[in-house]
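>>> Structure, please.
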Amino acid sequence: MTVGILLRTGPYTSQNVDTVYHLAKRFLAKGKTVKIFLYEDGVGNIHKEIKSPQERNIAEMMSELAQAGAQIQACGTCAKFRGVKKADIVENTKLGGMAVLVNYANDCDRFLSFGF
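Next up is the predicted model:
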């Protein structure tokens with residue numbers, strides 16, 4: 001089974017990224033394929049310079065998911081609007097276009113969306 005996840009909220013603005021992280025970890029542990037697309041403010045979740053001193057490190061959480069096999073892509077246009085460049089994102093993640101989101105939605109058995 002392939003599970004797609006759309007995340008539209010940025011780091012430290014809601015519990016959405018935590019929910020996505022824990023769901024994705026569970027799906028991966030069960031041998032499922034996980035595809036995450038970050039849109040709008042969600043692109044900030046893979047910015048490798050996130051360094052919250054007393055909170056969980058969301059960039060590290062996203063990196064962990066990518067290393068565990070989750071496919072994580074962020075909207076390149078949304079990233080550009082927010083000043084996020086390819087060199088700014090964590091390893092094993094990518095910037096892509098809306099066609100990636102469409103393909104994720106078409107390829108997935110289940111598709112979840114998290115936003116405001």
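
>>> Assign the nearest residue to Val100 once chain neighbours are set aside to helix, strand or coil.
Distance criterion Cβ to Cβ, 6 or more residues apart in numbering; nearest residue to Val100, sequence neighbours excluded, is Gln73 at 5.0 Å. Glycine gets a C-beta too; all of them are placed from N, C-alpha and C. Three-state call for Gln73 (DSSP: H, G, I helix; E, B strand; the rest coil): strand.

>>> Kindly provide the distance from Gln73 to Ala99.
Applying Cβ to Cβ, to the nearest Å, the value for Gln73 to Ala99 is 10 Å.

>>> Settle it for me: which of the two has more neighbours?
Using other Cβ atoms under 10 Å, the more surrounded residue of Gln73 and Ala99 is Gln73, with 22 against 8.

>>> Tell me the spacing between the more buried one and Gly97.
9 Å.

>>> which residues touch the residue nearest to Gly42 when sequence neighbours are not counted?
Leaving aside its sequence neighbours, Gly42 sits nearest to Leu7 (Cβ to Cβ, 6+ apart; 4.2 Å). If you count contacts by Cβ atoms under 8 Å, 6 or more residues apart in numbering, Leu7 has them with 16-17, 20, 36-39, 42, 45, 114-115.

>>> what do you get if the cut-off is 6 Å, keeping everything else the same?
Contact analysis of Leu7 by Cβ atoms under 6 Å, 6 or more residues apart in numbering lists 20, 38, 42, 114.

>>> who's in contact with the second one?
With contact taken as Cβ under 6 Å, 6+ apart, Leu38 is in contact with 7, 45, 74.

>>> Just give me how far the biggest helix by length in the chain sits from the chain centre.
Assignment by DSSP state H gives helix 16-29 as the longest helix of the chain. Averaging C-alpha positions (Cα atoms, centre = their mean, to the nearest Å) puts helix 16-29 10 Å from its chain's average.

>>> next one: stretch 105-116
12 Å.
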